[in-house]
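Asks: My questions concern the predicted model and sequence given below.
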Amino acid sequence: MTINSKRVVVVTGGASGIGLGISKLFAASGHPVAMLDMQEAALERESAALAAAGAKVLGLKTDVSDRGQVEAAYAAVRKTLGPIAIVIANAGISVSADFRTLSIEAWQRMIDVNLTGVFHTLQPAIADMADAKWGRIVTISSQAAQSGAQDRAHYAASKGGVIGLTRSLARELAPLGITVNTIPPSLVDTPLARAGEAAGQVPPLEVIAQMIPIQRPGTPEDIANACEFLCSDKASYITGQEINVNGGSWM
Ligand SMILES: NC(=O)c1ccc[n+]([C@@H]2O[C@H](COP(=O)([O-])OP(=O)(O)OC[C@H]3O[C@@H](n4cnc5c(N)ncnc54)[C@H](O)[C@@H]3O)[C@@H](O)[C@H]2O)c1
């Protein structure tokens, strides 16, 4: 992979699931990685494990729905690791609810984290990339926005917003040397997916997997591998795309 491993990577939601898989892969490639997440204990545990393996990592407790917290985290990233070159906007929540009784508060929290959180994550990082005339942004959206999702209209709406934001930024930032793409996963075996299964909101993951052409749930590593490629110099002509890493579940 043609990749400059000195480039600083920010991964939101980096303490668990897909974000942790992405953080691990970039760290293993030698990148300095800042993991931003709300879960303090998991952040400490996972960043310590990566540091013990020789990685240059920074775990920063951050709620991406709070602009002040994101900006404070970025100040720490710049001071400790350097200017931000790559951002993976991955942090997200998924909650099931009947649309007819969905509360305004539940709708608002979904939008605040999954969509406005991406706005807060991306906007303050762009100046660093523009200065370097090089940058990579990958958003993690969802197949829910492509196919629709039963009892998760607010989730699908938030992720549809992420896809529209991704495409628009791809146009706006291309002249600055910054590519912007989205990966909309389908079913990935993570604590989030297992929590939905445990709550009876979705069938067992192994049952859902039988409906996927490649008959298994995705892994965080599957998503991380595509992410790494999109953030390499080899992907310099790919922007504004939905890269479906989903075992063929949506074509
Ligand atoms: N797992 C799947 O099947 C699947 C499918 C499609 C899309 N996705 C998307 O992938 C992304 C990662 O999901 P995952 O399955 O790894 O979930 P996960 O719950 O394992 O990890 C998500 C992480 O994001 C963090 N987070 C949540 N809200 C945050 C906030 N406000 N600020 C900072 N961090 C916050 C959580 O603490 C957690 O560590 C999400 O955006 C999710 O919507 C997942």
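Replies: That came through fine.
Asks: For the rest of this, base every contact and every neighbour count on C-alpha atoms.
Replies: Fine.
Asks: show me where the stretch 1-150 of the chain has strands.
Replies: Here the stretch 1-150 of the chain has its strands, by DSSP state E, counting those that start in this stretch, at 8-12, 33-37, 57-61, 84-89, 135-140.
Asks: Save those as CSV, and put in distance to the ligand, mean pLDDT and mean neighbour count too.
Replies: Formatted as CSV, these follow (distance: least, CA to the nearest ligand atom, whole Å; pLDDT from 0 to 100; neighbours: other CA atoms under 10 Å):
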stretch, distance to the ligand, mean pLDDT, mean neighbour count
strand 8-12, 6, 99, 28
strand 33-37, 4, 98, 29
strand 57-61, 8, 98, 24
strand 84-89, 8, 98, 26
strand 135-140, 6, 99, 26
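Asks: Report the contact partners of the most centrally placed residue in the chain.
Replies: The structure's the chain has its C-alpha centroid closest to residue 90; by CA atoms, centre = their mean the separation is 1.6 Å. The neighbourhood of residue 90, defined by CA atoms under 8 Å, 6 or more residues apart in numbering, consists of 11-14, 18-19, 139-141.
Asks: I'd like the distance between residue 183 and residue 140.
Replies: As for residue 183, its distance to residue 140 is 5 Å (criterion: CA to CA, to the nearest Å).
Asks: Pull the most distant pair out of the contacts of residue 90.
Replies: Of all pairs drawn from the contacts of residue 90, the greatest distance, 15.3 Å, lies between 14 and 141 (CA to CA).
Asks: doesn't residue 41 make contact with residue 61?
Replies: No: with contacts counted by CA atoms under 8 Å, residue 61 stays clear of residue 41, the gap being 9.3 Å.
Asks: Please enumerate the helices of this protein.
Replies: For the chain, the helices defined by DSSP state H cover 17-28, 40-52, 67-80, 104-111, 117-122, 126-132, 144-147, 153-173, 191-198, 205-209, 220-230.
Asks: Could you export these to TSV, including columns for distance to residue 239, mean neighbour count and mean pLDDT?
Replies: Converted to TSV, those look like this (distance: least, CA to CA, whole Å; neighbours: other CA atoms under 10 Å; pLDDT from 0 to 100):
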stretch	distance to residue 239	mean neighbour count	mean pLDDT
helix 17-28	19	24	98
helix 40-52	30	16	97
helix 67-80	24	17	98
helix 104-111	24	16	98
helix 117-122	16	23	99
helix 126-132	15	17	98
helix 144-147	18	17	98
helix 153-173	6	20	98
helix 191-198	28	15	94
helix 205-209	30	15	94
helix 220-230	9	19	98
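Asks: Nearest to residue 248, out of the ones you listed?
Replies: Closest among these, using CA to CA: helix 205-209, at 10.9 Å.
Asks: quick one: the closest one to chain centroid distance?
Replies: 23 Å (CA atoms, centre = their mean, to the nearest Å).
Asks: Format the CA atom coordinates belonging to that helix as PDB.
Replies: Only the C-alpha atoms of helix 205-209 are listed here, as PDB (Å, rounded to 0.1, in the frame of the first residue of the first chain):
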ATOM      1  CA  LEU A 205     -26.600 -12.200  13.400                       C
ATOM      2  CA  GLU A 206     -25.900 -15.700  12.100                       C
ATOM      3  CA  VAL A 207     -29.600 -15.800  10.900                       C
ATOM      4  CA  ILE A 208     -29.300 -12.500   9.100                       C
ATOM      5  CA  ALA A 209     -26.000 -13.600   7.700                       C
END
